[in-house]
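Trainee: fold the following and give me the result.
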Amino acid sequence: MEQKDIPDQQQKPRRATQQNVTCSECQKEFVIPHYLIKRIVNLTKCKHCYKMKSVNNSKSTVEFEIPTADLPGWKQISQSKWKGDCEDCGKMCELPFSPGKGKDSPKCQGCFKNVAIQGYRFKTQLKLYIDGLNIMFKLFNIPNKLLLSWNDQLKEGLQSIDRFVKAALKSNVLIEVFIDHSIGTKETYLKNKSRRERDFIAGCKDSLAIMPGIGWIMGDRFKENSIPVHYSSVDCDDTIASFAHAHNAAILSADKDFFRYTFNDQDHPFQLYSTFEVVQGYLCLNTHQGSRNEATTGREILQPIPLTFHEYPCFMLPGDWELLPAEVTLYRRGTSTCLLQDFPSPHLVVRPLRQALYSLLEKAVVREQFPTWANGEIVWIDEDVHADSTWEKYLSDINGAIKSLFSHQVQPAHQPEQRWKNYLLSQKMVVAEIITWASAATAKSLLDTHLKEL
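Mentor: Down below sits the predicted model:
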């Protein structure tokens, strides 16, 4: 296959509704889509009086042409609809707006959105650093809907990661994944705590869309595909920006905060991509269309690059504001289930198993922090827990651990079947996470047999 350079940045078309506008030249009324009205300055002339306008964005100038006559292969079938054969895919299609003219030929909506519809391979290898938790919504197909099957979400996510890795290899893209596992400042801690409380309430109201342990599962799957994974010890955005600048890599993240980073007065000195598509087995990257928020201050890129962990950390480093004794280790978690008002937090239920882990790791005292439900409200557990080897035999017996810890819990009569299945998966996730720290077992080996039961 002939190699191609990365296509120039394209303006993503929108499905537009029409709007009546009076031409400033001929005074005739004409129809123009909203997406052009919003993005083209002073668009007051009809297609006969005005042919071309520029659209300025943060990176380049993209040109749109308002046709003055029928385009070859396309026919205007109404004031706001065109019909014709796409130059790329050759399929007959209708557009709710004038077709974009890439390389002087019209394209259908699918091909105009992604000019690399046939896929492409970078001539020079691209090093790409990935904001893992930012793209997990796309990889694991996490929509905002009720009663989502976490079992199906997990299976689909694992398959998506495999496809992503193969597509990157085929496209000559060298990837590394960064997963947030730190809270750098007190402000970040409070923001994170507020988000976990919102997740808690959402889960209780049957709309929690993110299954527990997703960061651990995602990182483990990438590593199974021989992809380097970094768990951050400081702010993850700071970590990614520092690594990307030091290693001349691009960044894949929809987060606009990356536009605030500077080095020697140069804004974000790295290429930014916001999202991706896997097209015919190739990884097609979409250039980030965002810009720096004027209200935010610039952030200098960290030097040297900060410490990262290559295995999913059991514990977290305390923030600078947290005054913990030197001998105390921090275990901090958030929500882990969708039935928090029916049962205590699974993190609380599995504490005996964690105490056995602390004993194995020779951690005498661990400060545990996570939310649970008590007396009709959210309560944050914040207490020291001592090591205890009583449950050590279950650190190599996931079946026995789950049965001993959760067998007394039965499905509440008012909870639907799917929600109960999600809760069963969360039980397995919390137990499996502890066992992986106590053994060489991977997430896949521990969960595969149990997924078949759900």
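Trainee: what's near enough to touch the closest residue to Pro228 other than its chain neighbours?
Mentor: With sequence-adjacent residues excluded and distances taken as CB to CB, 6 or more residues apart in numbering, Pro228 is closest to Glu176, at 4.5 Å. Where you see a C-beta, it was placed from the backbone N, CA and C, and this is true even at glycine. Residues near Glu176 by CB atoms under 8 Å, 6 or more residues apart in numbering: 127-130, 227-230, 243, 249.
Trainee: drop anything exposed from those.
Mentor: Neighbour-count burial (16 or more other CB atoms under 10 Å) applied to the contacts of Glu176 gives 128-130, 227, 229-230, 243, 249.
Trainee: what about these, which are in strands?
Mentor: 128-130, 229-230 (DSSP state E).
Trainee: okay, those in JSON lines with pLDDT next?
Mentor: Converted to JSON lines, these look like this (pLDDT from 0 to 100):
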{"residue": "Leu128", "pLDDT": "96"}
{"residue": "Tyr129", "pLDDT": "97"}
{"residue": "Ile130", "pLDDT": "96"}
{"residue": "Val229", "pLDDT": "96"}
{"residue": "His230", "pLDDT": "95"}
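Trainee: in a markdown table, list these along with distance to Pro313.
Mentor: Formatted as a markdown table, those follow (distance: CB to CB, whole Å):
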| residue | distance to Pro313 |
| --- | --- |
| Leu128 | 24 |
| Tyr129 | 19 |
| Ile130 | 19 |
| Val229 | 12 |
| His230 | 11 |
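Trainee: quick one: which of those is nearest Trp420?
Mentor: Val229 (32.3 Å; CB to CB).
Trainee: how far away is Gln369 from Gln266?
Mentor: Gln369 is 39 Å from Gln266, where distance means CB to CB, to the nearest Å.
Trainee: same drill for the two, tell me which one is more crowded.
Mentor: Gln369 (18 against 10; other CB atoms under 10 Å).
Trainee: phi, psi for that one please.
Mentor: Phi and psi for Gln369, reported as degrees, to the nearest 10, are phi -140, psi 120.
Trainee: what's across from it in the sheet?
Mentor: Note on Gln369: beta-bridge partners by DSSP bridges are Arg332, Asp382.
Trainee: contacting residues for it?
Mentor: Contact analysis of Gln369 by CB under 8 Å, 6+ apart lists 330-333, 380-382.
Trainee: list buried residues within those residues.
Mentor: 330-333, 381.
Trainee: from these, which is closest to Ile398?
Mentor: Looking across these and measuring by CB to CB, the closest to Ile398 is Arg333, at 18.8 Å.
Trainee: so how far is Asp180 from the closest one?
Mentor: In this view, Arg333 and Asp180 are 14 Å apart by CB to CB.
Trainee: send the alpha carbons of stretch 376-396 over as CSV?
Mentor: Included here for stretch 376-396 are C-alpha records, laid out as CSV according to Å, rounded to 0.1, in the frame of the first residue of the first chain:
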residue,chain,number,x,y,z
GLY,A,376,-28.7,7.6,54.8
GLU,A,377,-25.7,9.6,53.7
ILE,A,378,-22.2,9.4,52.2
VAL,A,379,-19.5,8.8,54.7
TRP,A,380,-15.8,8.9,53.9
ILE,A,381,-13.8,6.2,55.7
ASP,A,382,-10.5,7.7,56.9
GLU,A,383,-8.8,5.4,59.4
ASP,A,384,-5.6,3.4,60.1
VAL,A,385,-5.9,-0.3,59.4
HIS,A,386,-3.3,-2.8,60.8
ALA,A,387,-1.9,-5.8,59.0
ASP,A,388,-3.5,-9.2,59.8
SER,A,389,-2.5,-12.5,58.2
THR,A,390,-5.7,-14.3,59.1
TRP,A,391,-7.1,-14.4,55.5
GLU,A,392,-3.7,-15.0,53.9
LYS,A,393,-4.8,-18.4,52.4
TYR,A,394,-7.4,-16.5,50.2
LEU,A,395,-4.7,-14.4,48.5
SER,A,396,-4.3,-17.3,46.1
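Trainee: ok, Gln355 touching Thr390?
Mentor: Yes. With contacts counted by CB atoms under 8 Å, Gln355 reaches Thr390, the gap being 7.4 Å.
Trainee: residues touching the helix or strand harbouring Ile378, excluding its own?
Mentor: Assessed by DSSP states H and E, Ile378 sits inside strand 377-386. Residues outside strand 377-386 that contact it (CB under 8 Å, 6+ apart): 193, 197, 200-201, 328, 331, 345, 347-348, 351, 354-355, 358, 364-373.
Trainee: which parts of that strand are buried?
Mentor: 378, 381, 385.
Trainee: also stretch 331-345?
Mentor: 331-340, 342-343, 345.
Trainee: which of those sits closest to Asn293?
Mentor: Nearest to Asn293 among the buried residues of stretch 331-345: Gly334, at 26.4 Å, using CB to CB.
Trainee: can you give me the pLDDT of the spatially closest residue to the closest one that is not a sequence neighbour?
Mentor: Among residues not flanking Gly334 along the chain, Arg196 sits closest, at 3.8 Å (CB to CB, 6+ apart). As predicted, Arg196 sits at a pLDDT of 76.
Trainee: next SSE after the host helix or strand of Arg196?
Mentor: Using DSSP H and E, Arg196 maps to helix 186-204. Next in sequence after helix 186-204, counting helices and strands by DSSP H and E, comes helix 214-224.
Trainee: residues contacting that next one, please?
Mentor: 132-133, 136, 139-140, 154, 157-158, 161-162, 165, 177, 179-181, 229, 231, 312, 429, 433, 436, 442-444, 447.
Trainee: again with stretch 250-263
Mentor: Residues contacting stretch 250-263 (CB under 8 Å, 6+ apart): 126-131, 134-135, 237, 240-241, 244-245, 267-276, 285, 288, 290-293, 296-301.
Trainee: okay, and which of these map to helices?
Mentor: With helices taken from DSSP state H, the overlap with those comprises 134-135, 237, 240-241, 244-245.
Trainee: returning to that earlier point: quick one: which of Gln355 and Thr390 has more around it?
Mentor: For Gln355 and Thr390, the more surrounded residue by other CB under 10 Å is Gln355, and the numbers stand at 21 against 11.
Trainee: could you look up the SS state of Phe122?
Mentor: coil (DSSP: H, G, I helix; E, B strand; the rest coil).
Trainee: look up phi and psi at it.
Mentor: Per degrees, to the nearest 10, the backbone of Phe122 is at phi -70, psi 130.
Trainee: pLDDT score assigned to it?
Mentor: pLDDT recorded at Phe122 is 84.
Trainee: I figured it hits Leu169, correct?
Mentor: No. With contact defined as CB under 8 Å, Phe122 does not reach Leu169; the gap is 11.4 Å.
Trainee: where does the chain have low pLDDT?
Mentor: Residue ranges of the chain with pLDDT under 70: 1-120, 142-147, 184-185, 199-210, 294-296, 319-321, 323, 326-327, 440-454.
Trainee: need the residues that contact stretch 420-429.
Mentor: Stretch 420-429 is contacted from outside by 148-151, 154, 211-213, 217, 336-339, 343, 346, 398, 402, 405-406, 411-412, 415, 447, 450-451, 454, using CB under 8 Å, 6+ apart.
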